[in-house]
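K.L.:
with the input below, show me the fold.
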Amino acid sequence: MIRPLRTPMKQRTNRSSAGLGGERIGAVQYLNSRPLIYGLGDSLDFDLPSRLADRLASNDLDAALIPSIELFQRLDTPLAKSSRREHHWPAKNAGSYHVVSNACIACLGPVMSVRLFFRTRPEKTSRIAVDEGSRTSVALCQILLAKLFDNYPELEVLPIGESIESTTADAVLLIGDRAIGPTSGGFQTVWDLGDEWHKWTGLPFVFAVWAARPTVNFRRLGSRLNAARDAGLANLATIAAIEAAPHGLSVPQCLDYLGDNLHYNLGQYEREGLRLFHEYAIELGLAPSDGIFDAAFQYSKHSPTGAQ
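P.N.:
Next up is the predicted model:
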């Protein structure tokens, strides 16, 4: 069985005592999240995706923008569902997560900021150094290599702050801002994981979702997160003008990345892609097999702006 890679808990980058409505809300500061958090800065607690997942699990946060693979670890189970009345859905299994917004980070084709650099042929790869901040992308590269090449390489962590050249692994997985732009290191092949998934399945890939603990007011929080996303998309040109230079991009390149490579709505086809990812994660032992996938999507039950 392949096990999801875990990274040690470290000092968080920022602490915020109260979120959007008193909740403790965590998010990432990568460029790809800027449209989702537009106007929310001071109300959020920023950290790496993997650490946000750990902090949500440890009850240090009430809601967070987490790797989608982490949602699969905390789905309601048949036993938990049968223990409550159907019309009283919010009385949750205490450990479960629920998607509270139709805002997400997704792609349909090249994503540009999740890349796997190979020093050898993909089918010959035996060891991969993976970005410390990543979990969904780690699972995705495991699934692609297993299904396409029947290959199950060993994983090691590439800590934040260490360069891609610092490891001798056969391949290196980078996510977020440090995956954008040219990279040296003598690599034979570079996979854009969003593009590889789409070429293989024809479906979008969802990297991150807004997930919350059962005690959160789903309707209120989801409405605010959806509004922030909508405001961000309406101001992409402003975001690109601010963020382009610090990320080594021209303003048109930054705008193309945010507006074309990425999209931010968790609609029907994104759900289909996420469901298929869940099925493959179960098959490879990366997620429990007893979680109820559809039970996680609270935004479609409680939010008037939820996409079906």
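K.L.:
list the buried ones in stretch 186-204?
P.N.:
187, 191-198, 203-204 (16 or more other Cβ atoms under 10 Å). C-beta here means a position set from N, CA and C on the backbone, and glycine is covered the same way.
K.L.:
and of those residues, the nearest to residue 287?
P.N.:
Each of those was checked against residue 287 using Cβ to Cβ; the closest is residue 197, at 16.4 Å.
K.L.:
show me the buried residues of stretch 186-204 that map onto strands.
P.N.:
Mapping the buried residues of stretch 186-204 onto strands (DSSP state E) picks out 191-192.
K.L.:
just send the buried residues of stretch 186-204 back as a markdown table, with distance to residue 126 and pLDDT too.
P.N.:
Shown next, in a markdown table, are the buried residues of stretch 186-204 (distance: Cβ to Cβ, whole Å; pLDDT from 0 to 100):
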| residue | distance to residue 126 | pLDDT |
| --- | --- | --- |
| 187 | 16 | 87 |
| 191 | 16 | 96 |
| 192 | 22 | 96 |
| 193 | 19 | 97 |
| 194 | 24 | 97 |
| 195 | 24 | 97 |
| 196 | 19 | 97 |
| 197 | 22 | 98 |
| 198 | 26 | 98 |
| 203 | 29 | 98 |
| 204 | 31 | 98 |
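K.L.:
looking at the buried residues of stretch 186-204, which is nearest residue 173?
P.N.:
residue 193 (8.1 Å).
K.L.:
can you give me the distance of the closest one to residue 225?
P.N.:
25 Å (Cβ to Cβ, to the nearest Å).
K.L.:
repeat for residue 197
P.N.:
Applying Cβ to Cβ to residue 197 and residue 225 gives a distance of 25 Å.
K.L.:
try residue 240
P.N.:
Counting by Cβ to Cβ - residue 240 and residue 225 are separated by 21 Å.
K.L.:
go through stretch 246-263 and flag the buried ones.
P.N.:
Buried, per 16+ other Cβ under 10 Å, within stretch 246-263: 247, 249, 253-255, 257-259, 261-263.
K.L.:
for stretch 22-40, that is, sorry about that
P.N.:
Quick answer for stretch 22-40 (16+ other Cβ under 10 Å): 23-38, 40.
K.L.:
same question for stretch 210-223.
P.N.:
So for stretch 210-223, counting by 16+ other Cβ under 10 Å, buried means 210-214, 216-223.
K.L.:
including secondary structure, distance to residue 293 and pLDDT, could these go into TSV?
P.N.:
Putting those into TSV (DSSP: H, G, I helix; E, B strand; the rest coil; distance: Cβ to Cβ, whole Å; pLDDT from 0 to 100) gives the following:
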residue	secondary structure	distance to residue 293	pLDDT
210	strand	17	96
211	strand	13	94
212	strand	17	92
213	coil	18	87
214	coil	17	84
216	coil	20	88
217	coil	23	89
218	helix	17	89
219	helix	21	90
220	helix	24	91
221	helix	21	92
222	helix	18	92
223	helix	24	92
